[in-house]
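Enquirer: Provided below for reference: sequence and predicted model.
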Amino acid sequence: RKLSMSKVTMAKSHLIGLVGDEDTCTAFLLGGIGELNDKREPNFLVVKKDTTIGDIESNLKRLLARKDIGIVLINQHIANDVRHIIEAHTAPIPALLEIPSKEHPY
């Protein structure tokens, strides 16, 4: 049986969001995950030594609220600083995954 194209629906693609240290972000950005939304907001945050907890919290909340992001990756050592946000996140999408970093192995 032949399917007509009108009956085939395509799944909407989602982006990967990232909150990580410089090495982690560099690796993922070289892999092609970097995007800007319509408001010119990036789908990543590079956390440096001078990045405040407030900046991390607000950017993580922003990424979790975006409808175009399906997965948010966050380095484990950064996740420890915003654990209350991670524990409060119960939605299945975006999925929130903690990953190790080069300087802070699990």
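Expert: Received it, and whenever you're ready, just let me know what you need.

Enquirer: Nearest residue to the middle of this protein?
Expert: residue 17 (2.0 Å; C-alpha atoms, centre = their mean).

Enquirer: and that residue, what does it touch?
Expert: 43, 44, 63, 64, 66, 69, 71, 72, 73, 94 (C-beta atoms under 8 Å, 6 or more residues apart in numbering). In short, each C-beta sits where N, CA and C put it, glycine included.

Enquirer: can you list the weak-confidence ranges in the protein?
Expert: 1-11, 106 (pLDDT under 70).

Enquirer: Show the residue spans covered by the helices in it.
Expert: 22-30, 53-65, 76-79, 83-88 (DSSP state H).

Enquirer: Buried deepest among these, which one?
Expert: The highest mean neighbour count among the helices of the chain, using mean count of other C-beta atoms under 10 Å, belongs to helix 76-79: a mean of 18.

Enquirer: contacting residues around that one?
Expert: Under C-beta under 8 Å, 6+ apart, the answer for helix 76-79 is 19-21, 47, 56, 86, 98-101, 103-104, 106.

Enquirer: let's go with 10 Å and repeat that
Expert: 19-21, 24, 45, 47, 51, 53, 56, 60, 73, 85-86, 96-101, 103-106 (C-beta atoms under 10 Å, 6 or more residues apart in numbering).

Enquirer: Out of the residues you listed, which sit inside strands?
Expert: 19, 20, 45, 73, 96, 97, 98, 99 (DSSP state E).

Enquirer: Name the nearest of the residues you listed relative to residue 81.
Expert: residue 19 (10.2 Å; C-beta to C-beta).

Enquirer: The closest one contacts residue 71, correct?
Expert: No - judged on C-beta atoms under 10 Å, residue 19 makes no contact with residue 71 at a distance of 11.8 Å.
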